[in-house]
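J.: Sequence plus the predicted model coming up.
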Amino acid sequence: MSRLGDGIVWIYHERQDALLCGQHALNNLVQACAFSPGMLAEIAQQLDQMELNYMAENDEGGTRSKDYIRRVAEGSGNVDASGNFSIEVLRSALLTQNNLSLPNIRQQ
């Protein structure tokens, strides 16, 4: 939210485009065009790689385990082809760009 002259208050709002509701929700929350689909897709890719690395190092059988092979075959668990991002992508984006954390309401 920004203040213009004469007490006018300006509120940033993005309308939904395609299925990028996560991106638009983040931008509306921080009141700026701060997050792009490309930036969020990059975070999703980083999270996918972190998950695969963890599975490779901690699953019995490593990269040859059935779980690892299935996860690779499934593709990204953090973004789909239409632009839906996982809550973990949104959490990571907010934390790294704005030092904000999204609470997990199930744990409260």
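T.: That came in fine, so what should we check first? Residues are numbered from 1 along each chain as shown.

J.: In which helix or strand does the closest residue to residue 33 other than its chain neighbours reside?
T.: Ranked by Cβ to Cβ, 6 or more residues apart in numbering and with sequence neighbours excluded, the top spatial neighbour of residue 33 is residue 27, at 5.6 Å. Yep, even glycine has a C-beta here, placed from its N, CA and C like the rest. Secondary structure from DSSP states H and E places residue 27 in helix 21-30.

J.: Grab the CA positions of that helix and hand them over as PDB.
T.: Extracted as PDB, the C-alpha positions of helix 21-30 are listed here (Å, rounded to 0.1, in the frame of the first residue of the first chain):
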ATOM      1  CA  CYS A  21      -2.600 -17.800  -8.300                       C
ATOM      2  CA  GLY A  22       0.400 -18.300  -6.000                       C
ATOM      3  CA  GLN A  23       2.400 -15.700  -7.800                       C
ATOM      4  CA  HIS A  24      -0.400 -13.200  -7.800                       C
ATOM      5  CA  ALA A  25      -1.100 -13.900  -4.100                       C
ATOM      6  CA  LEU A  26       2.500 -13.200  -3.200                       C
ATOM      7  CA  ASN A  27       2.700 -10.000  -5.200                       C
ATOM      8  CA  ASN A  28      -0.600  -8.800  -3.700                       C
ATOM      9  CA  LEU A  29       0.700  -9.600  -0.200                       C
ATOM     10  CA  VAL A  30       4.000  -7.700  -0.600                       C
END
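
J.: So what's the gap between that helix and the chain middle?
T.: Relative to its parent chain, helix 21-30 has a centroid offset of 10 Å by Cα atoms, centre = their mean, to the nearest Å.

J.: same check, this time on stretch 61-74
T.: That offset, for stretch 61-74, works out to 23 Å (Cα atoms, centre = their mean).

J.: Show me which residues of it are buried.
T.: 68, 71 (16 or more other Cβ atoms under 10 Å).

J.: ok, back up a step: relative to residue 39, how far out is the residue nearest to residue 33?
T.: 11 Å (Cβ to Cβ, to the nearest Å).

J.: And for residue 20?
T.: Counting by Cβ to Cβ, the gap from residue 20 to residue 39 is 12 Å.

J.: Done for today, thanks.
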